[in-house]
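**Student:** generate a structure from the sequence data that follows.
(8 chains, ligands or ions: 12)
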Protein chains: 8
Amino acid sequence: GYARLDTDRLTRTGDPEVVYGAGKTPDQVVDLLRHLHTAHPDRAALATRLDATALDRVRAAFPDARLDEVAGTATLGPPPTPVGLVCVLAAGTSDARVAREAVRTVEAYGAGVRTITDVGVAGVHRLLAAKEEFDDADCLIVVAGMEGALPSVVGGLTGVPLVAVPTSVGYGASFGGLAALLGMLNSCAPGVVVCNIDNGFGAGVFAARVARR
Amino acid sequence: GYARLDTDRLTRTGDPEVVYGAGKTPDQVVDLLRHLHTAHPDRAALATRLDATALDRVRAAFPDARLDEVAGTATLGPPPTPVGLVCVLAAGTSDARVAREAVRTVEAYGAGVRTITDVGVAGVHRLLAAKEEFDDADCLIVVAGMEGALPSVVGGLTGVPLVAVPTSVGYGASFGGLAALLGMLNSCAPGVVVCNIDNGFGAGVFAARVARR
Amino acid sequence: GYARLDTDRLTRTGDPEVVYGAGKTPDQVVDLLRHLHTAHPDRAALATRLDATALDRVRAAFPDARLDEVAGTATLGPPPTPVGLVCVLAAGTSDARVAREAVRTVEAYGAGVRTITDVGVAGVHRLLAAKEEFDDADCLIVVAGMEGALPSVVGGLTGVPLVAVPTSVGYGASFGGLAALLGMLNSCAPGVVVCNIDNGFGAGVFAARVARR
Amino acid sequence: GYARLDTDRLTRTGDPEVVYGAGKTPDQVVDLLRHLHTAHPDRAALATRLDATALDRVRAAFPDARLDEVAGTATLGPPPTPVGLVCVLAAGTSDARVAREAVRTVEAYGAGVRTITDVGVAGVHRLLAAKEEFDDADCLIVVAGMEGALPSVVGGLTGVPLVAVPTSVGYGASFGGLAALLGMLNSCAPGVVVCNIDNGFGAGVFAARVARR
Amino acid sequence: GYARLDTDRLTRTGDPEVVYGAGKTPDQVVDLLRHLHTAHPDRAALATRLDATALDRVRAAFPDARLDEVAGTATLGPPPTPVGLVCVLAAGTSDARVAREAVRTVEAYGAGVRTITDVGVAGVHRLLAAKEEFDDADCLIVVAGMEGALPSVVGGLTGVPLVAVPTSVGYGASFGGLAALLGMLNSCAPGVVVCNIDNGFGAGVFAARVARR
Amino acid sequence: GYARLDTDRLTRTGDPEVVYGAGKTPDQVVDLLRHLHTAHPDRAALATRLDATALDRVRAAFPDARLDEVAGTATLGPPPTPVGLVCVLAAGTSDARVAREAVRTVEAYGAGVRTITDVGVAGVHRLLAAKEEFDDADCLIVVAGMEGALPSVVGGLTGVPLVAVPTSVGYGASFGGLAALLGMLNSCAPGVVVCNIDNGFGAGVFAARVARR
Amino acid sequence: GYARLDTDRLTRTGDPEVVYGAGKTPDQVVDLLRHLHTAHPDRAALATRLDATALDRVRAAFPDARLDEVAGTATLGPPPTPVGLVCVLAAGTSDARVAREAVRTVEAYGAGVRTITDVGVAGVHRLLAAKEEFDDADCLIVVAGMEGALPSVVGGLTGVPLVAVPTSVGYGASFGGLAALLGMLNSCAPGVVVCNIDNGFGAGVFAARVARR
Amino acid sequence: GYARLDTDRLTRTGDPEVVYGAGKTPDQVVDLLRHLHTAHPDRAALATRLDATALDRVRAAFPDARLDEVAGTATLGPPPTPVGLVCVLAAGTSDARVAREAVRTVEAYGAGVRTITDVGVAGVHRLLAAKEEFDDADCLIVVAGMEGALPSVVGGLTGVPLVAVPTSVGYGASFGGLAALLGMLNSCAPGVVVCNIDNGFGAGVFAARVARR
Ligand SMILES: Nc1ncnc2c1ncn2[C@@H]1O[C@H](COP(=O)(O)O)[C@@H](O)[C@H]1O
Ligand SMILES: Nc1ncnc2c1ncn2[C@@H]1O[C@H](COP(=O)(O)O)[C@@H](O)[C@H]1O
Ligand SMILES: Nc1ncnc2c1ncn2[C@@H]1O[C@H](COP(=O)(O)O)[C@@H](O)[C@H]1O
Ligand SMILES: Nc1ncnc2c1ncn2[C@@H]1O[C@H](COP(=O)(O)O)[C@@H](O)[C@H]1O
Ligand SMILES: [Mg+2]
Ligand SMILES: [Mg+2]
Ligand SMILES: [Mg+2]
Ligand SMILES: [Mg+2]
Ligand SMILES: [Mg+2]
Ligand SMILES: [Mg+2]
Ligand SMILES: [Mg+2]
Ligand SMILES: [Mg+2]
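**Tutor:** Ligands and ions are numbered 1, 2, ... in the order given. Reported below is the predicted structural model:
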């Protein structure tokens, strides 16, 4: 086999292994998803970073799988009953894929989720108007590309734990998301923590764990 | 005055403003600390990044202040009753200053804290032996310099939410902590989130907020 | 001599040459300032980036010079009658030196100037409250370090031309102001333009020219 | 929908939102353009970064739209009466796309515009000969790739406010426009301000605002 | 000819020249392989970095060649009798191509080889369980992408000389393998040495030379 | 205590822990050296990166310690009987500190060592003349700063396993040793492996392990 | 037209303008070549960076043009009588395109040229054997990718002025030619000067000017 | 001895070894200078990068040595009869040290030299006025910091071979001379070649060799 699944991970960490689809063939994705589903039939198995072909193959193999074409994800098996609430905020429409990957991950990891989009800092009144919608969450995921300023503004409005996700949206001196990443790491709002560029999955895992406590 | 303190922050976010001592004169630190203490007499005021001179001046001005010379911090006023538990793990002895800044911040932000040091990955048995000590925490802070590998190993052993702090410990191709920062951002353990290089304060704020929930 | 002053610059560009004090001895600064003052006695001569020693020497040599110790500048000769208004906004107290360098430059280049400090984005209400103070200016200079998010928020609140100045305030992944610089270059607010890190002088020249029109 | 247009932007900043075509489907572009045109029928709606397919779709949907295939832009609705004059200078023929994006943006934002091309610094007499053509403008936009030296030379010839736009034209150690960007940020001509690499749009917005005053 | 083969290399260094397939046409690869095989008929000739087309052409030209489609290599002529043992460890399934390039190189350079895959540090028990399998080798090759932490953990478990190979597996702030490369160069385990990103070939040559002694 | 020594390392890896002096007080160095010496009285204890003050303190505390002022090292206790031979080559005189750190480490780790200095590639005949002196070694350590070309030339002359150590010698575009590091990682000589910038210690550990086999 | 040719360049600098084909359509290339040829019918017109399509179009338009498919160049009109001698050395076979671009440029700029290929430093005897072939030249062009060490070795063997050209040949930490570029800039051989990555044209212009003197 | 002088260099390259003073003690400088002078009493021995202490020691040891305190150089023994002419142009007064290092090197390597300073591109008329002074030279050395634009403008005015030297003059995004270096490498003027940042010595060696032919 091309992979030794870490099926013991559920015991050690409370969450099962997932399928990371990048660089894998559709057949490998289907195979691994089946494997995970068999190992943990009562816990949703998640696959991320699936392109159109992989999504089609998964659909054909598992008619019950729930696919999200914006997120590029597939989920197989019963989702956990959601505990707590994660709120995902996204700065612009181009950040949708990353934001949705976070949403699907939060669900698969057992927390509830609410989404607020298009609240970029260049129109800060939209954000202020939404404060009530995110102030009662257990954890926030704030997704932004370009200069990545959204977490700083949100972080000054609320004390909810905040995970920032820089995206590769931008061009020129955005250097593939580096500008947003550095911006978030240097946020003047205390208590902002950061994930890798475009890593909606990592933010989702983390936030769900916080929310489930 | 040289600064307009954001004294409304407590209302908005649940935590008061703190004094960031870098680039400030000892007089300014004392002044700001007094200002914060007066504004919120029932909540500990914290000052970070204090050098020896600033610590001396604070000691003289506020005999009741609690100073930590390793961390370079001063705390004035009653600490909040700790809620929940944060565990701070540090890879090496050179990471002590950053780890201690995290510890003092967690305390000032109202959570309990436990410290485990010298559990670098080159002697992984020491870390495995300590699993029980960190597995029941509400949030982990994992501090490491050089290649910054510790969060990946810890993150594979537990499902506790994990905040990684890269330090500037190292030389040559560590590029002032860049190697550790990039390593942590690319951690293969799901759910690792990251702070700025040497930012024990930010990690402490975040972790305390998670633990207090 | 160690320098050929470009005394023809006033004719070509409408503004005289200035003395850039970095890397020059106090004697050279005094000498060049006298030279400029003699060449254009009716237009204020400006020297920037002066340390304490250079300021002392200038004070001794020209009792009439106006010194700004925060900015590190000296101005000799009658200031032009101000035309138009530039507003300088600064995110934090540590950005004061750069902001003040901009202020002194605007004055020497013939525009009026107003300053608003400590309006960092982590307390965005302070900024919203100040909108009236900057909305009637002819040009804005927005100074910020760390993640450099302030220009994006200001740029979404007003249509006044906005020049952003990143500062080297920060540590770790701020990389000497790089994070703020990249953030500003990637601002999602349309029409933000950017100067070199810590370059309050350049921003002041530009903004004064816009305001004077 | 995939986007919440910031239709309030006109009120706040005096200029309406535009459509940024990169990463959007042709259908989305048409949709957003219609939306903007409906919201502000008396003010030209602009779409940028359109490839050939998107331009075709816009042409089919809006026979009255004005398309610029070099710039990759579409404009729908009556252009504002031009106020003031912006002059766009470009160093080489390869910089045409960026220069033309600036031109179309200036027009849509309500200023007059004049273009001077192929005045690279390796043939500086061409530039000197053109001084009269740019010396009476209200704002200059100077577009250059490779080493990005043109703004320094122009900035030494005139006191007109000057916005520099680095382009990604070049190879090897140009690193996608980084060399030109750094060169412009370090310009020895006082008062040069800079936009993101290839950002003709941002320069156009800024310059039009200056010219309209 | 397009190349002067360094056929004297065997005399100087004990190992013959090999064919580096990247940037060469399939015809050139076949030609050079024949040339090497003719020059040293009793020592296996190796070609690396072959894509599917090149592999097909080699298969057609030399029915006796041994091809490895995962590694992208071809070997022609009798392999040397293996002396000593190299153990190749790989962190994840995506690192397979690089690991297999190392394996085929070790064989062609005359050492025995054993492979252990999918022992990433996020499941460190798998690695501990494998200690016996690698502790008796003469040299280790440790292949990992993302944060590249595996060599530090392995290097703390054994005194066998250890060559680390970073791979370009990852995204965002992995910057094409830079994160793993820096991590390995800064390893806190003493005695870790490093090859270029994805350079299984170089690690294989080195390790085989150590093992053969 | 400020440190938990990994005294079990000798059992796991065959070599004891060492004292890394950077960032430690002279007292800490003395203390740790005593600790190591007590734990393994029959195996030399090594301390590296000692400045003049630390060397003096060690001399006073342990009259039997062997100090190397060029290397900045101290060794306490009986050296192991050397097995095998490591040859250290250095390009220039400025590389001496790093080369000597490697030499002292090789000795403390139990291999014999021979040094060849000032064989930079700009005078390649000196290197060719020395081939006999390094061709019979079990492992080579090649130290060079600036462009770091020496390993490529040596690696083309011999099949002895070769560890390259870039140094921070140089200025400007050497970027603290980055140029040499990148050069060595991209060596066209097959089988060159690389250590961190200025890491003579790591190269010494590795080479001694190869030589002892 | 899309370009204003700098036809006065011949008068100012002694050499005519050339056509840089990158980013131009085949039609533009043909057009510009005709334009140059008409302006200076007695001096060869050169076009560089032509892909297969552009070469075909040039061949069709100008049957007398001399095409070089390895170099990607076309030359139209009588070559100048060669004065002096340039010698082009290339490290590996993959550097051929850049080396040949240099050769064709030297010819068009009026110097004689000799080529020596495949003299990489990993087989330094090949280079030593060729010393006579390059020691009588007026200027050397030394082309190398990967670690770019060749100029340092050549520069130590001869006092002929030496222009180094880094190429983008390599992978991983070669970062598109950056490793070779930095290596050459830091050459320990005195008097090595450097061109942009892959810039055979620039090296050719420079070397021909030296040789013609 | 701490160094093996390459005294055979004169035979191989036509020029003797020099003393590079950085990182050497004054005693070592004196010692090496004596050694070189003894080896080649009829050819000037040069030492560069000398600080005030080293210059004093050299003055005391060799009353006949010619010292240049701006350049930080010492020359001992009869200078060669100058052949040909090198012209050194410097953009600003802060570039003086580097320009003077080039001047002293040219003299020691046997060519005549002329200097033109303060001809930065922000006052391009000064440069145009000086064209006659540099147009008859055999080689130009053009020294500039900040954006490093001067070589592009000079290179468009003349066909004399041109060596560009970036300096570390600047701040912020000049990144220690990187901006100037990249600018010069990407010069749009054909035939500009480049040295390391601040490397007046290297430029001087190269230019003298060209001029002497
Ligand atoms: N050690 C620290 N590292 C990073 N940020 C800090 C630190 N200590 C305090 N801060 C932040 O600095 C802010 C105060 O900055 P200032 O207004 O410059 O005093 C606080 O609100 C915190 O967000
Ligand atoms: N060519 C361009 N380059 C950079 N930003 C642009 C460009 N065109 C439009 N924009 C910005 O993109 C915003 C719209 O982004 P979006 O919401 O993703 O459609 C506009 O408000 C502009 O600020
Ligand atoms: N996969 C590989 N990665 C790096 N270098 C290689 C690889 N395979 C072969 N080489 C090197 O490439 C050289 C041949 O290069 P060339 O002359 O371009 O064919 C060999 O001598 C090896 O040193
Ligand atoms: N200012 C300088 N910058 C760069 N390289 C220099 C300089 N001066 C001398 N060198 C070089 O340094 C070599 C001597 O270095 P070393 O053997 O360390 O004394 C000489 O052969 C020159 O190539
Ligand atoms: Mg939007
Ligand atoms: Mg330790
Ligand atoms: Mg503040
Ligand atoms: Mg042109
Ligand atoms: Mg796995
Ligand atoms: Mg030497
Ligand atoms: Mg070859
Ligand atoms: Mg000047």
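**Student:** quick check, the residue in chain A closest to chain D?
**Tutor:** Proximity to chain D, evaluated over chain A using Cβ to the nearest Cβ, is greatest for A:Gly172 at 3.0 Å. In this view, the C-beta of every residue, glycine as well, is placed from N, C-alpha and C.
**Student:** helix, strand or coil for the residue in chain A positioned nearest to ligand 1?
**Tutor:** Closest residue of chain A to ligand 1, Cβ to the nearest ligand atom: A:Pro190 (3.6 Å). Counting by DSSP: H, G, I helix; E, B strand; the rest coil, the backbone at A:Pro190 sits in coil.
**Student:** go ahead and confirm it touches B:Gly14.
**Tutor:** No. Using Cβ atoms under 8 Å as the test, A:Pro190 is too far from B:Gly14 to be in contact (11.5 Å).
**Student:** between these two, who's got more neighbours?
**Tutor:** More crowded of A:Pro190 and B:Gly14, by other Cβ atoms under 10 Å in any protein chain shown: A:Pro190, with 25 against 14.
**Student:** where do the strands sit along chain A?
**Tutor:** Remark: strands assigned in chain A by DSSP state E are A:19-20, A:45-48, A:66-68, A:73-76, A:85-90, A:112-116, A:139-144, A:162-166, A:192-194.
**Student:** switch those strands over to JSON lines; also include mean neighbour count and distance to D:Leu182.
**Tutor:** As requested, the strands of chain A are exported to JSON lines (neighbours: other Cβ atoms under 10 Å in any protein chain shown; distance: least, Cβ to Cβ, whole Å):
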{"stretch": "strand A:19-20", "mean neighbour count": "23", "distance to D:Leu182": "37"}
{"stretch": "strand A:45-48", "mean neighbour count": "26", "distance to D:Leu182": "37"}
{"stretch": "strand A:66-68", "mean neighbour count": "18", "distance to D:Leu182": "41"}
{"stretch": "strand A:73-76", "mean neighbour count": "26", "distance to D:Leu182": "40"}
{"stretch": "strand A:85-90", "mean neighbour count": "27", "distance to D:Leu182": "32"}
{"stretch": "strand A:112-116", "mean neighbour count": "18", "distance to D:Leu182": "37"}
{"stretch": "strand A:139-144", "mean neighbour count": "30", "distance to D:Leu182": "25"}
{"stretch": "strand A:162-166", "mean neighbour count": "33", "distance to D:Leu182": "22"}
{"stretch": "strand A:192-194", "mean neighbour count": "32", "distance to D:Leu182": "26"}
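**Student:** any chance of the ones you listed in a markdown table, with distance to ligand 1 too?
**Tutor:** Shown next, in a markdown table, are the strands of chain A (distance: least, Cβ to the nearest ligand atom, whole Å):
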| stretch | distance to ligand 1 |
| --- | --- |
| strand A:19-20 | 33 |
| strand A:45-48 | 33 |
| strand A:66-68 | 36 |
| strand A:73-76 | 35 |
| strand A:85-90 | 20 |
| strand A:112-116 | 24 |
| strand A:139-144 | 17 |
| strand A:162-166 | 13 |
| strand A:192-194 | 9 |
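**Student:** just put the ones you listed in a markdown table and tack on mean pLDDT and distance to chain H.
**Tutor:** As requested, the strands of chain A are exported to a markdown table (pLDDT from 0 to 100; distance: least, Cβ to the nearest Cβ, whole Å):
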| stretch | mean pLDDT | distance to chain H |
| --- | --- | --- |
| strand A:19-20 | 94 | 36 |
| strand A:45-48 | 97 | 37 |
| strand A:66-68 | 98 | 41 |
| strand A:73-76 | 98 | 40 |
| strand A:85-90 | 98 | 30 |
| strand A:112-116 | 98 | 35 |
| strand A:139-144 | 98 | 23 |
| strand A:162-166 | 98 | 21 |
| strand A:192-194 | 98 | 24 |
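**Student:** now these in CSV, with distance to H:Leu67?
**Tutor:** Output for the strands of chain A, formatted as CSV (distance: least, Cβ to Cβ, whole Å):
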stretch, distance to H:Leu67
strand A:19-20, 65
strand A:45-48, 68
strand A:66-68, 74
strand A:73-76, 72
strand A:85-90, 65
strand A:112-116, 70
strand A:139-144, 58
strand A:162-166, 54
strand A:192-194, 54
